[in-house]
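Enquirer: Below are the sequence and a predicted model for it; my questions follow.
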Amino acid sequence: MSTEKEDFHLLGTQLQKLISHMESMRIAEYIELLENPLRLIMTNFIAGLARGLGIAIGATLIFALMLEFLRRIIMLNIPGIGGFIAELVHIVEVQNGRF
């Protein structure tokens with residue numbers, strides 16, 4: 001009889017751990033989100049817009065910094081590097097039809 005009480009107590013403890021673990025994972029909110037397709041689509045759409053905007057802004061900043069860095073290298077007129085970069089710029093301008 002005492003083993004049954006211990007088994008029920010152990011089962012209750014395990015069940016309580018499972019409940020607290022599922023609550024920490026926010027399973028209920030996730031299921032609620034899956035049951036409302038319009039809300040799920042809107043959430044993913046807004047997240048995609050934010051991600052795309054972040055990528056665009058980040059890429060713009062990185063390329064602007066790279067261009068400024070290359071411009072400064074050309075201005076320093078370092079013998080090997082400056083001429084190489086100037087030649088690359090000339091090749092790009094020829095390909096674009098500026099010369």
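Expert: Arrived safely.
Enquirer: Now do the phi/psi pair for the spatially most central residue of the chain.
Expert: Against the mean C-alpha coordinate of the chain, by Cα atoms, centre = their mean, the closest residue is Arg51 at 6.8 Å. Per-residue torsions, Arg51: phi -60, psi -50 (degrees, to the nearest 10).
Enquirer: and it, how far is that from Tyr30?
Expert: 20 Å (Cβ to Cβ, to the nearest Å). Where you see a C-beta, it was placed from the backbone N, CA and C, and this is true even at glycine.
Enquirer: Please save the CA atoms from the lowest-mean-pLDDT helix or strand in the chain in PDB.
Expert: Of all helical and strand segments in the chain, the minimum by mean pLDDT, DSSP states H and E falls on helix 79-95, at a mean of 80. The C-alpha trace of helix 79-95 is given here as PDB (Å, rounded to 0.1, in the frame of the first residue of the first chain):
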ATOM      1  CA  PRO A  79      52.300  52.100 -54.600                       C
ATOM      2  CA  GLY A  80      50.900  48.500 -55.200                       C
ATOM      3  CA  ILE A  81      47.400  48.700 -53.700                       C
ATOM      4  CA  GLY A  82      46.300  52.100 -55.000                       C
ATOM      5  CA  GLY A  83      47.200  51.400 -58.600                       C
ATOM      6  CA  PHE A  84      45.500  48.000 -58.400                       C
ATOM      7  CA  ILE A  85      42.200  49.500 -57.100                       C
ATOM      8  CA  ALA A  86      42.400  52.400 -59.600                       C
ATOM      9  CA  GLU A  87      42.700  49.800 -62.400                       C
ATOM     10  CA  LEU A  88      39.700  47.900 -61.000                       C
ATOM     11  CA  VAL A  89      37.700  51.100 -60.900                       C
ATOM     12  CA  HIS A  90      38.700  51.800 -64.500                       C
ATOM     13  CA  ILE A  91      37.700  48.300 -65.700                       C
ATOM     14  CA  VAL A  92      34.300  48.700 -64.000                       C
ATOM     15  CA  GLU A  93      33.800  52.100 -65.600                       C
ATOM     16  CA  VAL A  94      34.700  50.700 -69.000                       C
ATOM     17  CA  GLN A  95      32.300  47.800 -68.600                       C
END
